[in-house]
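Asks: model the structure of this input:
(chains A, B, C and D)
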There are 2 protein chains.
Amino acid sequence: MSKARERAAARVFFALGDGTRLSVVQKLGTGGALSATSLSAGAKVTRQAIVKHLRVLEDAGIVTPERNGREVLYALEPRKLDEARGFLDGIAAGWDRALERLRVLVEEPAQARSSPK
Amino acid sequence: MSKARERAAARVFFALGDGTRLSVVQKLGTGGALSATSLSAGAKVTRQAIVKHLRVLEDAGIVTPERNGREVLYALEPRKLDEARGFLDGIAAGWDRALERLRVLVEEPAQARSSPK
DNA sequence: CAGACGTGCAAACAACTGGTTGCACATGGC
DNA sequence: GCCATGTGCAACCAGTTGTTTGCACGTCTG
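Replies: Prediction:
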């Protein structure tokens, strides 16, 4: 159930976990939809490398291609980023709950009989 | 300047971008601090694999080891997750701004002379 | 103290990643 | 119609990743 969601999240994180890819995502974020060629303009790697990275980002659902004449524009899919953000939130929230549980255990020394209410 | 922050973010995302590692992080999130051995108990990989993954997570700052007698407990570092979350927020926000800019361009047809105020 | 339990290191290995180069195929503008 | 521009394979390669196995070293506990 949450296994599929976890796999999807791992894919998104994997896609973002590469410097070149992350800078591509950032460029798309600030500059709007761009083609592979224009993305490779400023980059220090080949267009083909960028194309491969775009494929990875697309497989993760972070980016969506749309043909526009003879060029393909890649647009950011902010919903996917939101999903990933939510995933991180969930983990952090779980951790806070775990800490709270631990705190309660510590503050409840040995007298389990007393009624704290 | 933001280059360093970007590298750090990429590291965090890379660390989270592996199924085994992500499930480790989740276990730590819900179960509190755990040792490599206990983490490898339920997993389908060896303890050594878990240890290596923990090293990666530690290098990314997601996890902190603390010796407790003969075992080492790994605790989650939710601040790092928050940082990553913030990074995603920034990108999504940039995208929204880009869309807004585009919308303005579209709704401002050709009469650049009219005063919309 | 002796053994059980947990950690730490290193070698070995298949699979995958990120990157390049070279070439063929579409498409828009002149 | 031509050619510049942009995309789409495919092969190839070095480096990294994920994982296992084997063994040596600490450290609690009876």
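Asks: what mean pLDDT does stretch A:34-44 have?
Replies: With pLDDT averaged residue by residue, stretch A:34-44 scores 95.
Asks: how about low-confidence regions in chain A?
Replies: A:1, A:105-117 (pLDDT under 70).
Asks: for it, what spans make up the strands?
Replies: Counting by DSSP state E, chain A has strands at residues A:34-35, A:63-68, A:71-76.
Asks: helices or strands up against the first one?
Replies: Right, strand A:34-35. strand A:71-76 (3 or more C-beta pairs under 8 Å, 6 or more residues apart in numbering or on different chains; DSSP states H and E). Where C-beta positions appear, they are placed from N, C-alpha and C, glycine not excepted.
Asks: re the thing from before, can you lay out the strands of chain A as CSV showing distance to DNA strand C and mean neighbour count?
Replies: Output for these, formatted as CSV (distance: least, C-beta to the nearest atom of the strand, whole Å; neighbours: other C-beta atoms under 10 Å in any protein chain shown):
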stretch, distance to DNA strand C, mean neighbour count
strand A:34-35, 12, 19
strand A:63-68, 8, 14
strand A:71-76, 8, 19
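Asks: in CSV, list those along with distance to DNA strand D.
Replies: Converted to CSV, these look like this (distance: least, C-beta to the nearest atom of the strand, whole Å):
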stretch, distance to DNA strand D
strand A:34-35, 3
strand A:63-68, 7
strand A:71-76, 4
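Asks: which positions in stretch A:8-17 come out as buried?
Replies: If you call a residue buried by 16 or more other C-beta atoms under 10 Å in any protein chain shown, then stretch A:8-17 has these buried ones: A:8-17.
Asks: mind listing the helices for chain A?
Replies: A:2-16, A:19-31, A:36-42, A:47-59, A:78-107 (DSSP state H).
Asks: okay if I get these as CSV plus distance to DNA strand C?
Replies: Listed next are the helices of chain A as CSV, based on distance: least, C-beta to the nearest atom of the strand, whole Å:
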stretch, distance to DNA strand C
helix A:2-16, 7
helix A:19-31, 4
helix A:36-42, 8
helix A:47-59, 4
helix A:78-107, 17
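Asks: output those in a markdown table, with distance to B:Leu22 appended to each entry.
Replies: Below are those laid out as a markdown table (distance: least, C-beta to C-beta, whole Å):
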| stretch | distance to B:Leu22 |
| --- | --- |
| helix A:2-16 | 5 |
| helix A:19-31 | 18 |
| helix A:36-42 | 28 |
| helix A:47-59 | 17 |
| helix A:78-107 | 9 |
